[in-house]
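In: Sequence first, then the predicted structure, then my questions.
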Amino acid sequence: MQKDSAGFLVGFLLVFSGCLSANFTPTSGNLYQPRPSDCDIEVFSSGPPDRAYVEVGVVEGKGTAWKAEFRDLLPAIMEEGCRAGGDGIIIGSMDMSAEGADNVPTQVIQATVIRWTD
């Protein structure tokens, strides 16, 4: 009986402990000086800005379970954009799905990191 309880607890914690990650991939040959992880980076969610920019790379953020909401992922994406030396991020695709046998909610957001050219 004790073993069954421990198995249930481990399963419960895996399903209900949300996970969050964000990873940067450069897309140009230029590397930029990292900015502080809490920099004032601009977020564009309804399309690209009107200002001239270059693409630095792409950040992919992934959240599961109770950390699968946009509001949970955005700070991690912004932080990676700052670390990449970006001035802004353009939110691209946002895909919500269910993973695994337990259908754990999962959201993946891709954003383009940019720097101003003017």
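Out: Noted; the coordinates are in hand.

In: make it CA atoms for all contacts and neighbour counts henceforth
Out: Fine.

In: which SSE is residue 74 in?
Out: Following DSSP states H and E, one finds residue 74 within helix 70-83.

In: Give me the helices and strands touching that helix, please.
Out: strand 20-26, strand 53-64, strand 88-99, strand 104-116 (3 or more C-alpha pairs under 8 Å, 6 or more residues apart in numbering; DSSP states H and E).

In: What residues of that helix count as buried?
Out: 72, 73, 74, 76, 77, 78, 79, 80, 81, 82, 83 (16 or more other C-alpha atoms under 10 Å).

In: Tell me where the model's unsure across this protein.
Out: Within the chain, the segments meeting pLDDT under 70 span 1-17.

In: Go again with 80.
Out: 1-18, 66-68, 99-101 (pLDDT under 80).

In: out of the buried residues of helix 70-83, who's nearest residue 21?
Out: residue 76 (7.1 Å; C-alpha to C-alpha).

In: Excluding sequence neighbours, find me the nearest residue to that closest one.
Out: residue 22 (5.9 Å; C-alpha to C-alpha, 6 or more residues apart in numbering).
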